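A.B. asks: sequence first, then the predicted structure:
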Amino acid sequence: MLVVVRFIERISGGFGLLGAAVIVPLVLATVYEVVSRYVFNAPTIWAYELAYMAMGTNFLLGAAFTLRERGHIRIDIVYERFAPRTRALIDTIGYLFLFLPMAWWLSWELWIYAYDAMLSGETSGESAWNPIIWPFRMIFFTGIALLALQGTAELIKAIRVLRGGDEHGAER
């Protein structure tokens with residue numbers, strides 16, 4: 001099972017880097033828009049939509065990486081006082097009964113949302129650019145599915161701790 005966990009964590013890391021890289025075109029497009037608008041008095045028709053799509057992509061593709069790195073908000077003042085096995089039990093219950101059912105259900109619904117937009121040729125309707133929206137909706141699906149996948153890896157690690165090992169593969 002550790003091979004599966006490591007594989008999932010590599011996927012989360014790769015998509016996290018991809019999400020981070022999206023910041024570069026976001027910054028370039030924003031600078032271009034500001035110069036275009038305020039220096040040349042010629043605003044673009046695409047900058048607003050590109051900005052919210054790039055920021056959403058950054059956020060969504062980085063969510064699984066953030067979970068892998070334990071960067072999401074939790075109440076550490078209480079949680080960190082518990083023994084590792086107690087924390088693992090809390091994590092197991094949380095992942096099994098709250099996080100994973102919601103994340104996998106949301107992934108499925110976002111897949112349908114993206115697929116329907118692709119079939120209908122739906123556009124954003126937000127600006128004169130009005131791009132097709134299904135690629136961005138596919139990012140929604142991908143980001144949440146990656147988060148659910150990383151949550152599954154976190155559950156496996158918590159179960160390992162409950163069974164007497166540690167989350168990184170060493171047995172006690």
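C.D. replies: Looks like it came in fine.

A.B. asks: rest of the way, CA atoms for contacts and neighbours
C.D. replies: Fine.

A.B. asks: quick one, longest helix in this protein?
C.D. replies: For the chain, the helix that runs over the most residues, judged by DSSP state H, is helix 134-162.

A.B. asks: how about the helix or strand of the chain with the lowest mean pLDDT as PDB, C-alpha atoms only?
C.D. replies: Within the chain, no helix or strand scores below helix 76-79, which has a mean of 82 by mean pLDDT, DSSP states H and E. C-alpha atoms of helix 76-79 as PDB (Å, rounded to 0.1, in the frame of the first residue of the first chain):
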ATOM      1  CA  ASP A  76      -3.400  22.300  16.000                       C
ATOM      2  CA  ILE A  77      -3.700  23.700  19.600                       C
ATOM      3  CA  VAL A  78      -5.800  20.600  20.500                       C
ATOM      4  CA  TYR A  79      -4.800  18.100  17.800                       C
END
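
A.B. asks: coming back round to it: quick one: the longest helix of the chain to chain centroid distance?
C.D. replies: In terms of CA atoms, centre = their mean, to the nearest Å, the centre of helix 134-162 is found 8 Å from the chain centre.

A.B. asks: repeat for stretch 155-167
C.D. replies: For stretch 155-167, the distance to the chain centre is 24 Å (CA atoms, centre = their mean).

A.B. asks: for this structure, which segments are assigned as helices?
C.D. replies: 2-21, 23-38, 47-68, 76-79, 84-94, 100-120, 134-162.

A.B. asks: run through who's touching the second one.
C.D. replies: When contacts are defined by CA atoms under 8 Å, 6 or more residues apart in numbering, helix 23-38 is touched by residues 42-44, 47, 50-51, 54-55, 58.

A.B. asks: ends of stretch 69-80, what's the gap?
C.D. replies: Stretch 69-80 stretches 16 Å from its first residue to its last (CA to CA, to the nearest Å).

A.B. asks: any idea how far L146 lies from A117?
C.D. replies: Distance of L146 to A117, given as CA to CA: 21 Å.
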